[in-house]
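J.: here's a sequence, model it:
(chains A and B)
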Amino acid sequence: MLIKLDKVEKHYSAFHLNCSLEVPEGNVTALIGPNGAGKSTTFKMILGLIFPDNGRVELFGKDSKDLTREDREKLGVVLSDSGFSSYLDVQDVASVLHHTYSTFDRKHFLDRCAKFGLPEKKKLKEFSTGMKAKLKILVAMSHDTKLLILDEPAAGLDVLAREEILDMLREYMIPGDRSILISSHISSDLEGLCDDFYLIHEGKILMHEETDVLLGSYGLLKVTEEQYKAMDRSYLLRRKRESFGYSLLTDQKQFYQENEPNLSMEKGSIDEVITMMIRGETV
Amino acid sequence: MTGLLIKDLRLFKHQGRYYLVVIALCCVLQFFSTRDFSSFMTSYLSFMIVMYTFSSFSYDEYDNGMSFLMTLPCGRRAYVTEKYIFTVLLVTAGWIVGVVLRAAGYMSRFSMEGYRKILVEDPIYLLLVLIYAGCSIPALIWFGAEKGRTAMLLGVGILAFLVYAVMKSGIRIPLADAEPGLLLMVLLILCILVLGISYRASVCLMEKKEF
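T.: Here you go, the predicted model:
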């Protein structure tokens, strides 16, 4: 297991994190949830930027406090609101990385920066939001890593740039022994990239599911009040009141397709699951 | 740690022009004034450079940069070590520039003999500035650059008040009439002690800090 959070708790005055999570080797795992759900706090906990009040954080099978320099070199990080000083330029960043990571390839890094249209001698503070996002990802992938921890890596990128980055991440996963933990607000990116995802809300993990299962077995039923009363409700996870009656989330789409063929059924997506799991009520 | 040092040196390089202007102004004062401004050259330059090393904490904190720096492989202790090395290196370099300019300026206008008499002042400035840095860095690490600066000013204010109170009380200050060599030795030992204690305190504070 490359990342393991075992009953990790962190208490602030207005927020409590209580979270267990695992990222196995060869997996792309997403952490999704609305703003303020605890995604960044969880990332900070994994990276040792904050300390747990209870529970245990493991990286590469070791307690996060016991990580060596060599272990940390195997980690690539993108933080949504943090990076290199914006008073540096790309050449400065390359020099810093060259003296920080033993496996950093300066020429390869600068070539990639050029490919993504990042000028070498322009201060980072003059970069657009998209350029800064691209640089953060290139920095995270500039050395030989086993694990990428990416907090909102695609924020501010246009569709084409996002697709290029996603291709880079897919290429990164080819060797098979690497993993990615990623959070993003753009669920379509996650659906095409992730093996599984955790939904976090108010500091708690509400669900953990494989993406294939979500896309294959989850469905959204749209029913009237009468249909709702008459139907079998055994496999419903959440319901939400609508003007026409109810929206219902199920993880047994096939059951309702076979037994209630007259009901309107929509394919499950990450966005709908998030909305229903958070806004909906338990059936 | 070398990577962090490169980062701070590169950031300093980008400020290079500003420091060249300051050095040029110091030279103008030194060479064209009728009075001897030579001690100003060493003391001001050393002080200005130490203030820049403090502002390197601000550069790190700008846009939440500290969180990212703490994810680099070098870790928290290396960050602290780098800050002390950077401070000592840069202040010493600034001081050497000051000493050279002072010597050149003084000897071109006054006597070589006169310079020999004031020569002992220069290391005192360096040691005092390093002691000041040693007292300030733990505050900068714990409170952050902005709040740390306020804490530093408060500290300087308390120190100034204590010095004023001691002078007013008529208490005899030890070493006030000491030989310059002895004073220098005492300051050197004090500087090493302050920097050593300060470093250990900074490492402890850094290892407890959350980002």
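J.: residue ranges of the helices in chain B, please?
T.: Ranges of helices within chain B are B:2-14, B:16-32, B:38-61, B:65-69, B:75-109, B:112-118, B:121-169, B:180-208, based on DSSP state H.
J.: relative to A:S247, which of the ones you listed is closest?
T.: With C-beta to C-beta as the criterion, A:S247 lies closest to helix B:65-69 of those, at 38.6 Å. (Each C-beta comes from the backbone N, C-alpha and C, glycine too.)
J.: which of the helices of chain B sits closest to A:E164?
T.: Of all those, helix B:65-69 comes closest under C-beta to C-beta, at 22.5 Å.
J.: rank the helices of chain B by pLDDT, which is bottom?
T.: Comparing mean pLDDT across the helices of chain B, the weakest is helix B:112-118, with a mean of 70.
J.: what sits up against that one?
T.: Residues from elsewhere that reach helix B:112-118 (C-beta atoms under 8 Å, 6 or more residues apart in numbering or on different chains): B:S38, B:S39, B:A103, B:Y106, B:M107.
J.: and it, how far out from the chain's middle?
T.: 25 Å (C-alpha atoms, centre = their mean, to the nearest Å).
J.: can you give me the neighbour number for whatever residue of chain B ends up closest to chain A?
T.: Minimum separation of chain B from chain A (C-beta to the nearest C-beta) falls at B:G3, amounting to 3.3 Å. For B:G3, the count of nearby residues is 20 (other C-beta atoms under 10 Å in any protein chain shown).
J.: what sits against it?
T.: Neighbouring residues of B:G3 by C-beta under 8 Å, 6+ apart: A:V96, A:L97, A:H98, A:H99, A:T100, B:L72, B:C74.
J.: let's go with 7 Å and repeat that
T.: Neighbouring residues of B:G3 by C-beta atoms under 7 Å, 6 or more residues apart in numbering or on different chains: A:V96, A:L97, A:H99, A:T100, B:L72, B:C74.
J.: report pLDDT for the last one.
T.: Same thing as B:C74. The per-residue pLDDT reported for B:C74 equals 89.
J.: for burial, what's the neighbour tally of the spatially closest residue to it that is not a sequence neighbour?
T.: When the adjacent residues along the chain are set aside, B:C74 lies closest to B:M1, with 5.2 Å between them (C-beta to C-beta, 6 or more residues apart in numbering or on different chains). Neighbour count for B:M1, taken as other C-beta under 10 Å: 19.
J.: list the residues that contact B:M1.
T.: Per C-beta under 7 Å, 6+ apart, neighbours of B:M1: B:C74, B:A78, B:T81, B:E82.
J.: against A:R69, how distant is it?
T.: Distance, B:M1 to A:R69, by C-beta to C-beta, to the nearest Å: 10 Å.
J.: got it, and B:K7?
T.: In terms of C-beta to C-beta, B:K7 sits 17 Å off from A:R69.
J.: and the pLDDT for A:S128?
T.: The per-residue pLDDT reported for A:S128 equals 88.
J.: also B:T34?
T.: 62.
J.: what is the mean pLDDT for stretch A:180-189?
T.: The average of the pLDDT scores along stretch A:180-189 is 85.
J.: report the buried residues of that stretch.
T.: Neighbour counts using 16 or more other C-beta atoms under 10 Å in any protein chain shown place A:I180, A:L181, A:I182, A:S183, A:S184, A:H185, A:I186, A:S187, A:D189 of stretch A:180-189 among the buried residues.
J.: briefly note if that stretch comes near chain B.
T.: No. In terms of C-beta under 7 Å from any C-beta of the partner chain, no part of stretch A:180-189 sits within range of chain B; the closest distance is 13.1 Å.
J.: chain center to that stretch: distance?
T.: Distance, centroid of stretch A:180-189 to centroid of chain: 4 Å (C-alpha atoms, centre = their mean).
J.: what is the end-to-end distance of that stretch?
T.: 14 Å (C-alpha to C-alpha, to the nearest Å).
J.: and the contacts of that stretch?
T.: For stretch A:180-189, the external contacting residues (C-beta under 7 Å, 6+ apart) are A:3, A:23, A:28-32, A:39, A:148-154, A:162, A:166, A:169, A:173, A:190, A:194, A:269-271.
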